[in-house]
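Novice: sequence first, predicted model second:
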Amino acid sequence: MRLFVALNFPPQLRQALSEATAPLRELAWPVKWVRDDGIHLTLKFLGEVAEEREPDLRAALTRAVAGARALPLVLGGFGVFPDVHRPRVVWVGVTPDPALELLQHQVEREFAPLGFATEARAFRPHVTLGRATRDARPAAFTGVEAALDRVTYEQAVVIEAVDLMQSTLQSGGAVYHVRHSERLP
């Protein structure tokens, strides 16, 4: 199974974000856009994991969220990774929050003893909206910075669960399924 730990958003937020970013999807960028139902914030990508390890993963997630509370998040501002000269990922930002950073750190800490390496890069909370296709050339993204600046969107949301997600890759894009959910009181 291909797994990751994520924060999922309510359908209304996903729909509003999709509507706000429609002008970007209409551009001729060589981007594979995330389907609306797949919009989420990844806390940790686990990769391919044997199904018999799921009880250990559930237990690690339970430990990671112990003491955490519901998370108020604000989404807004658009950008690309790694930079506007070589865009590979189109994203909407998530305002940094100490509680979110602590939760992500706890996830890293609890999954590391299970053999999942701690992420070497600093946590930069964002929601991936699309990924450049393998054959995408930087020239195809001329004007990307200006296009991103023209899109306005800001939405606050309270996240009440952390989910262990399964990703199944299909020709139409990844399909996500919640394997286990931990409530945030």
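Specialist: Cool, got the structure. Quick caveat: nothing in here was measured; it's all calculated off a predicted structure. Residues are numbered from 1 along each chain as shown.
Novice: distance from the centroid: which residue in this structure tops it?
Specialist: Of all residues in the chain, A139 has its C-alpha farthest from the mean position, at 26.2 Å, by Cα atoms, centre = their mean.
Novice: pLDDT at that residue, what is it?
Specialist: Note for A139: predicted pLDDT of 92.
Novice: what's opposite the most centrally placed residue in the chain in the beta bridge?
Specialist: Nearest to the geometric centre of the chain sits L41, at 2.9 Å (Cα atoms, centre = their mean). Counting by DSSP bridges, L41 forms beta bridges with L7.
Novice: thinking it is in contact with G93, fair?
Specialist: No. The criterion here is Cβ atoms under 8 Å, and L41 misses it with G93 at 10.5 Å. Every C-beta, even on glycine, is put in place using the N, C-alpha and C of the backbone.
Novice: shared neighbours of those two, which are they?
Specialist: Here L41 and G93 share the contacting residues P125, H126, V127, scored by Cβ atoms under 8 Å, 6 or more residues apart in numbering.
Novice: from those residues, pick the one nearest W33.
Specialist: The closest of the shared contacts of L41 and G93 to W33 turns out to be V127 (Cβ to Cβ; 12.4 Å).
Novice: surely that closest one is in contact with L43?
Specialist: No. Using Cβ under 8 Å, V127 makes no contact with L43, being 11.9 Å away.
Novice: name the residues of the helix or strand containing H177 that are buried.
Specialist: Here H177 sits within strand 173-183, counting by DSSP states H and E. If you call a residue buried by 16 or more other Cβ atoms under 10 Å, then strand 173-183 has these buried ones: Y176, R179, H180, E182.
Novice: what's the answer for stretch 114-132, then?
Specialist: Quick answer for stretch 114-132 (16+ other Cβ under 10 Å): F116, F123, P125, H126, V127, T128, L129, G130, R131, A132.
Novice: what's the mean pLDDT across that stretch?
Specialist: Stretch 114-132 shows a mean pLDDT of 94.
Novice: need the distance between the two termini of it.
Specialist: 32 Å (Cα to Cα, to the nearest Å).
Novice: do stretch 143-160 as well
Specialist: 37 Å.
Novice: which one is P96 nearest to, not counting chain neighbours?
Specialist: Closest residue in space to P96, ignoring its immediate chain neighbours: P125 at 6.2 Å, by Cβ to Cβ, 6 or more residues apart in numbering.
Novice: who's in contact with that neighbour?
Specialist: Contacts for P125 (Cβ under 8 Å, 6+ apart) come out as L41, L73, G93, V94, T95, P96, D97, L100, E101, Q104.
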